[in-house]
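**Q** Fold the following for me, if possible:
(3 chains)
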Amino acid sequence: MGKKMNILMFSGEYDKALAALILANTAKEMNMDVTMFFAFWGLCLVRDPNKMTDEDKTSYEKMFANFTPRGIEYLPLSKMNMGGIGKKMLKSMMNENDTPSLDKFLQGAINKGVNMYGCKLSVEVMGFSKEELLPEVKIITAEEYLKDAIESDMQLFI
Amino acid sequence: MGKKMNILMFSGEYDKALAALILANTAKEMNMDVTMFFAFWGLCLVRDPNKMTDEDKTSYEKMFANFTPRGIEYLPLSKMNMGGIGKKMLKSMMNENDTPSLDKFLQGAINKGVNMYGCKLSVEVMGFSKEELLPEVKIITAEEYLKDAIESDMQLFI
Amino acid sequence: MGKKMNILMFSGEYDKALAALILANTAKEMNMDVTMFFAFWGLCLVRDPNKMTDEDKTSYEKMFANFTPRGIEYLPLSKMNMGGIGKKMLKSMMNENDTPSLDKFLQGAINKGVNMYGCKLSVEVMGFSKEELLPEVKIITAEEYLKDAIESDMQLFI
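**A** Next up is the predicted model:
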């Protein structure tokens, strides 16, 4: 009777992504079942930086795709980003403390078997194609998210 | 034995309001009982744009009422608002994808019977009167919110 | 069989801190067991303004410590802070409404026996020492947080 955690990842910021992924990795190490549902800005965490395409995009969708972070290491801080200086500081401080970088936590979560879901409506509105996201991400509806979340022992909106 | 979802809507931003209302509508379609508790900036989602009044307001309350969004369609984006351009882009992209606008989701939630509550303390501190909010919104205390939330199967702070 | 609420306090903003502490105080008055886990910017809520030190800090850690709010009353608003004007307005409006100030709510939460925990990794990365935080704050790991949270009846990420 494993416990189950569900995270709705709405924000597209480095520090919030770090918090969410540390929780996801830690919960898996405690043998919990973990789901991450990426919606809106949260989709930027699971974009594949090498697979951006302008194909089949309207002009707004192209602009949008180009203005938003192209992958997890490109996310800004939610506070004190200061054009990237704050983020550099944080990354350097993490490094001195032997804390892995954000993409390592993401890869760890995938390797440990965290369920990675992308929000169908967000993908459609933002004009992303499934191929632009990491291959481990499965697209599901808000209803499927709610089915998973309501049966979980804890739910966080990050 | 219906399931129950409780959302504490703290933020006053277009994209977060959209996420919350999509979840609320979807949960009702799945026959869940749904409560939304609007506090602080979240109260801006349930202001009636046509019922602003300066009556009985201190000068700070007047300033506050005039600086904050006067209804759900006036909310800014949490990211990339860019003086309204980002929001226009998002609304246009939602429209191309046949996604209803935010006020439609709000009306849908009300019609489907989502419990709409406003935070008593927030209303008092911000100097709003009950008459300035949508008529479906009932004012309750933090204690009443907690009674509802603690008995719910999932709780989100948005 | 008391109910149990767990708050992960990630944000370092006046209004969000107010919301979290009102919930924590109210829940204790309802005889719930309450845990607050302060991580990342949330640590700024439990810094002791009179115990800042540059000892044993790297230069980045010094900069960081000096750029971030030195205690709960120094937190900015998440919206409309306007260089402090918005916050002054809010505080004045709270005062007119006889709402206690933020540090009173914090002290109340401590006095009522809210479990106050600081995130070990955040403390290390940010270069804070235990002595710079309020004495009631115990440092725990993400795993210890999750053990507490998963056994709670409600969890919020604020």
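**Q** interface residues of chain A facing chain B?
**A** Chain A has residues A:8, A:10, A:12, A:39-41, A:58, A:60-61, A:63-64, A:67-68, A:121, A:124-127, A:141-143, A:146-147, A:149-150, A:152, A:155-157 near chain B, with proximity defined as Cβ under 8 Å from any Cβ of the partner chain. C-beta coordinates here come from the backbone N, C-alpha and C atoms, glycine included.
**Q** Apply 6 Å and report the result again.
**A** Contacts of chain A with chain B, taken as Cβ under 6 Å from any Cβ of the partner chain, map to A:10, A:40-41, A:60, A:124-125, A:142-143, A:146, A:149-150, A:155, A:157.
**Q** Spell out which parts of chain A neighbour chain C.
**A** A:3, A:15, A:19, A:22, A:26-27, A:79, A:89, A:92-94, A:97, A:99, A:153-154, A:156, A:158.
**Q** Separate out the buried members of these.
**A** A:3, A:15, A:19, A:22, A:26-27, A:79, A:89, A:93-94, A:99, A:153-154, A:156, A:158 (16 or more other Cβ atoms under 10 Å in any protein chain shown).
**Q** Now flag whichever of those is closest to B:E73.
**A** A:I158 (26.1 Å; Cβ to Cβ).
**Q** May I see the residues of chain A next to chain B arranged in TSV, with distance to A:I85 as well?
**A** Compiled in TSV, the residues of chain A next to chain B are given as follows (distance: Cβ to Cβ, whole Å):
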residue	distance to A:I85
A:F10	26
A:F40	26
A:W41	21
A:Y60	31
A:E124	36
A:V125	32
A:A142	37
A:E143	42
A:L146	40
A:A149	37
A:I150	42
A:Q155	34
A:F157	29
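**Q** any chance of those residues in a markdown table, plus secondary structure, pLDDT and neighbour count?
**A** Compiled in a markdown table, the residues of chain A next to chain B are given as follows (DSSP: H, G, I helix; E, B strand; the rest coil; pLDDT from 0 to 100; neighbours: other Cβ atoms under 10 Å in any protein chain shown):
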| residue | secondary structure | pLDDT | neighbour count |
| --- | --- | --- | --- |
| A:F10 | coil | 98 | 24 |
| A:F40 | helix | 96 | 24 |
| A:W41 | helix | 96 | 24 |
| A:Y60 | helix | 88 | 16 |
| A:E124 | helix | 94 | 17 |
| A:V125 | helix | 92 | 21 |
| A:A142 | helix | 98 | 22 |
| A:E143 | helix | 98 | 14 |
| A:L146 | helix | 98 | 23 |
| A:A149 | helix | 98 | 26 |
| A:I150 | helix | 98 | 18 |
| A:Q155 | strand | 98 | 26 |
| A:F157 | strand | 98 | 26 |
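**Q** which residues in chain A form helices?
**A** Shown for chain A, the helices assigned by DSSP state H span residues A:14-29, A:59-67, A:85-96, A:102-111, A:120-126, A:142-150.
**Q** most packed of these?
**A** Mean neighbour counts were compared across those using mean count of other Cβ atoms under 10 Å in any protein chain shown; the top stretch is helix A:14-29, at a mean of 23.
**Q** What's the separation between A:V125 and A:I72?
**A** With the distance defined as Cβ to Cβ, to the nearest Å, A:V125 ends up 21 Å from A:I72.
**Q** the bottom helix or strand of chain A by mean pLDDT?
**A** Within chain A, confidence by mean pLDDT, DSSP states H and E is lowest for helix A:59-67 among all helices and strands, at a mean of 87.
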